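Asker: Starting from these lines, generate the structure:
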Amino acid sequence: MKTRVRMMRAWVWLALGLQLGCGDGGGVGPRDRDGDGHPAGVDCDDADPTRWRSVAGYADTDGDGFGDTAWPVTCVGDTTKDWTQQAGDCAPGDATRWRLVPGLYPDADGDGATGAGPVTACVGSTLEGYREQLGEPDCDDGDAAVSALSEVWTDTDGDGVGAGMAIGWCPSRGRPPPSGYALTSGDCAPGDTGRWRMLPFTHRDADGDSFAVAMEGTVCSGEQLPPGYDTVSDPEDCDDSNANRTVRVQRWLDPDGDGYGDGAPVLRCVGPGESAPGETFRGGDCAPGDDTRWRPLPYASRDEDGDGRFSRSAGAVCSGFWLPRGYSSAERDDDCDDANGAVYFTWSVHADEDADGVGSGAEVPVCGGATVPTGFSTQDTDCAPQDATAWRMRSFTHRDADGDTYTVAQSGTVCSGTALPAGHASQPLSGEDCDDSNAAVFRSLAAYPDTDGDGVGAGAPTVLCTNGQVPSPWSDRDTDCAEEDAARWQKLTALHADQDGDGVTAPIPAQRVCSGEALPAPYFFKAVGNDCDDADAARYRWTYLYRDQDADGVGATPREMMCIGASAVAGWSRYGDDADDNDAAVQTDEAADEELSLILDL
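Answerer: The predicted structure is shown next:
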């Protein structure tokens, strides 16, 4: 026993010796590198005088007294802010919410009606936006003025009146019913947008001749009764099944059948164009024996040469429905040569020397036929009278001098044909040209120097005229954190490090490290184990060990927590039930085992 006490004292003095340094005047005192008054042995960060106390806390960025478990805080001082020992903040960025409450029902608009639930919600000191009891169903929890569903009906014809089975609809935020639905039902003609309600009528015009007969009933209508129905009497129809028969009309005998007769008339219910054999609705036949003529008609012009064009000549002639061919009731003088059937129209034209359809020079009159006489044009705007491919001035707003389809803004006019000539345009073509004298380049791009050739640049941007691609040695990105090292170009977050290279990491404060595709050694984003001593590759895990003084592989209490490697430390054991740790031949208490055996036998 005395030997064991002496060894424990030796270990304590050894541990103290490791923590003590040589002070001024050759004395021995505690080591305090940051000068904060806390020795390195108890200072959790001896490189920072503002932090020395080890805690189990969490970041509290919103100051609500509850921390974010994803961001642990392990070392603080008296002035350390934004942390707490209370975990569980469900909204780390919102100081008004920090706790999860189950069994709630959403009520975002505060109207008492609730959404689907129950749910577990993140709230603060109140349950704002939620209720503990289920309310009436809320069809729109963002509008306090509306909660219950309204009924709408299918409106296939879009006339504002629906039909068929109703569906539920939430009329929130003053919005109209869904497309294809209406708030009113009862459409009597669901497929006709002009009809939706039944209206009464007292008169019917079945044949649509604006003459009606008395008849009462109802008909599917719109704002007004449809054509053929009315509540006011039209003139009485003598035959409502035939639109040509409306009122009784006079008829005359027509022996030549030309529609005009003479003698005393008779009254018949017939249409204006109807006539019984030998009868007509008109009298006054000027040629009773000629069915092609029945009335005299005046004329003001004649066509002497039969070319369909007239010259002035007034008179009257016995005719049929129209004046005979070669006569006109209008004063017409459109035949410039009524003795020649091939020409009749006076054209005011301009000489067209290049036959491109557009002339130039003074206007001259020419007697011709239906088309502009050959060698002339009605237009005098030919800007190139000797060139048949160009005849009018066209405006352009863009130029493409190098023919690469990229343009620069430049306005003007150019003599053209059906389209602007090459190199001219009325709108941008493929885009704005940064160099219209070189077809190989056309697009301006901002580029950054890429001195190490890793594809990522840095520094101030330079605008280059390119072919659409940033050329080497330039880049379209400016985030290179190591301009002279092609293996590194981006900053990645490191949360763990393996300083001793034993393959096991220890947590470090979050830091951004200039990297390539992955973090460089010794940094890691995810933990690989939990190194208890990242300065010693031989030690990387914590375990409890028992002192084994007799070296029999089994130690005895008390146990100690130690930082070790792959195997236990010499003189120590993972097992601690040695009945006599001073005798390698004894590991168990035979009396205790016998007593336990007797108890088990009972």
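
Asker: Checking residue 477 next. Helix, strand or coil?
Answerer: coil (DSSP: H, G, I helix; E, B strand; the rest coil).

Asker: how many other residues sit next to it?
Answerer: Here the count is done by other Cβ atoms under 10 Å, and residue 477 has 15 residues near it. The way it works is simple: take the backbone N, C-alpha and C, and place the C-beta from them, glycine included.

Asker: try the one 4 residues further on
Answerer: Here the neighbour count serves as a burial measure; for residue 481 (other Cβ under 10 Å) it reads 16.

Asker: now residue 217
Answerer: If you count neighbours by other Cβ under 10 Å, residue 217 ends up with 10.

Asker: helix, strand or coil for it?
Answerer: Secondary structure for residue 217, judged by three-state DSSP, is strand.

Asker: again with residue 543
Answerer: Residue 543 ends up strand, using three-state DSSP.

Asker: so where's the stretch 501-602 of the chain uncertain?
Answerer: In the predicted model of the stretch 501-602 of the chain, residues 588-602 satisfy pLDDT under 70.

Asker: all strands for it, in order.
Answerer: Here the stretch 501-602 of the chain has its strands, by DSSP state E, counting those that start in this stretch, at 506-515, 523-524, 541-547, 556-564, 572-573.

Asker: Out of those strands, which is closest to residue 444?
Answerer: strand 506-515 (30.6 Å; Cβ to Cβ).

Asker: list the buried ones in the closest one?
Answerer: 506, 513, 514, 515 (16 or more other Cβ atoms under 10 Å).

Asker: export these to JSON lines and tack on distance to residue 32?
Answerer: Supplementary listing: the buried residues of strand 506-515 in JSON lines, determined by distance: Cβ to Cβ, whole Å:
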{"residue": "506", "distance to residue 32": "23"}
{"residue": "513", "distance to residue 32": "30"}
{"residue": "514", "distance to residue 32": "34"}
{"residue": "515", "distance to residue 32": "36"}
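
Asker: Tell me where the stretch 1-150 of the chain has strands.
Answerer: Ranges of strands in the stretch 1-150 of the chain, per DSSP E, counting those that start in this stretch, are 20-22, 28-30, 53-59, 68-76, 83-84, 99-106, 119-123, 130-131, 150-154.

Asker: closest to residue 340 out of the ones you listed?
Answerer: strand 150-154 (71.5 Å).

Asker: List the buried residues of that closest one.
Answerer: 152, 153, 154.

Asker: Direction included, what does it pair against?
Answerer: According to DSSP bridges, strand 150-154 forms sheet pairs with strand 161-169 (antiparallel), strand 181-182 (antiparallel).

Asker: Not counting that strand itself, show me its contacts.
Answerer: If you take Cβ atoms under 8 Å, 6 or more residues apart in numbering as the criterion, strand 150-154 is touched by 161-171, 177-178, 180-185, 187, 190.

Asker: List buried residues within those residues.
Answerer: The neighbour-count test (16+ other Cβ under 10 Å) marks 161-163, 169-171, 177, 181-185, 187, 190 as buried among the contacts of strand 150-154.

Asker: Thought residue 239 was touching residue 206, still the case?
Answerer: No: Residue 206 lies out of contact with residue 239 (Cβ atoms under 8 Å); the separation is 10.1 Å.

Asker: more crowded one of those two?
Answerer: residue 239 (18 against 15).

Asker: Now that one. Nearest residue, chain neighbours left out?
Answerer: In this structure, residue 239 finds its nearest non-sequential neighbour in residue 245, 3.7 Å apart by Cβ to Cβ, 6 or more residues apart in numbering.

Asker: got it, and residue 249?
Answerer: With sequence-adjacent residues excluded and distances taken as Cβ to Cβ, 6+ apart, residue 249 is closest to residue 281, at 5.6 Å.

Asker: contacting residues for that neighbour?
Answerer: Residue 281 is in contact with 249, 250, 251, 252, 259, 270, 272, 274, 275, counting by Cβ under 8 Å, 6+ apart.

Asker: Pick out whichever of those sits closest to residue 367.
Answerer: Nearest member of those to residue 367, counting by Cβ to Cβ, is residue 259, at 40.9 Å.

Asker: what pLDDT does that closest one get?
Answerer: At residue 259, the model reports a pLDDT of 79.

Asker: residues contacting the residue lying closest to it once chain neighbours are set aside?
Answerer: Distance criterion Cβ to Cβ, 6+ apart; nearest residue to residue 259, sequence neighbours excluded, is residue 280 at 4.9 Å. The neighbours of residue 280, taking Cβ under 8 Å, 6+ apart as the test, are 251, 252, 253, 254, 258, 259, 260, 261.

Asker: switch to 10 Å and redo it
Answerer: 250-262, 265, 274, 294 (Cβ atoms under 10 Å, 6 or more residues apart in numbering).

Asker: just residue 455 next, same as before
Answerer: Residue 455 is in contact with 470, 472, 475, 476, 477, 480, 486, 489, counting by Cβ under 10 Å, 6+ apart.

Asker: Same question for residue 333.
Answerer: Here residue 333 is in contact with 301, 309, 310, 311, 312, 346 (Cβ under 10 Å, 6+ apart).

Asker: Show me how to select, in ChimeraX, the buried members of those.
Answerer: Buried residues among the contacts of residue 333 (16+ other Cβ under 10 Å), as a ChimeraX selection:
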select :301,309,310,311
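
Asker: Just to check, residue 127 is in contact with residue 104?
Answerer: Yes: contact criterion Cβ atoms under 10 Å: residue 127 and residue 104 qualify, at 6.5 Å.

Asker: what do these two both touch?
Answerer: Jointly contacting residue 127 and residue 104 under the rule Cβ under 10 Å, 6+ apart are residue 121.

Asker: These two: which is more packed in?
Answerer: Of the pair residue 127 and residue 104, residue 104 is the one with more neighbours under other Cβ under 10 Å, namely 21 against 14.

Asker: Run a quick neighbour tally on the closest residue in space to the more buried one that isn't next to it in sequence.
Answerer: Take residue 104 and drop its neighbours on the chain: the residue closest to it by Cβ to Cβ, 6+ apart is residue 130, 4.0 Å away. With neighbours defined by other Cβ under 10 Å, the count for residue 130 comes to 21.

Asker: and the gap between residue 166 and residue 147?
Answerer: 18 Å (Cβ to Cβ, to the nearest Å).

Asker: That should have said residue 292, apologies.
Answerer: Here residue 292 is placed at a distance of 83 Å from residue 147 (Cβ to Cβ).

Asker: Residue 220 now?
Answerer: From residue 220 across to residue 147, the span is 37 Å (Cβ to Cβ).

Asker: between these two, who's got more neighbours?
Answerer: Using other Cβ under 10 Å as the criterion, residue 220 and residue 147 rank with residue 147 on top: 22 against 15.

Asker: who does the residue nearest to residue 104 bridge with?
Answerer: Beta bridges link residue 130 to residue 106, judged by DSSP bridges.

Asker: ok, now residue 544?
Answerer: Beta-bridge partners, per DSSP bridges, of residue 544: residue 561.

Asker: That one - how many residues pack around it?
Answerer: Around residue 544 there are 12 residues (other Cβ under 10 Å).

Asker: Give the residue spans of the protein that score low on pLDDT.
Answerer: When residues are selected by pLDDT under 70, those of the chain lie in 1-29, 141, 273, 275, 588-602.

Asker: could you pull out the helices for it?
Answerer: Here the chain has its helices, by DSSP state H, at 2-19, 590-601.
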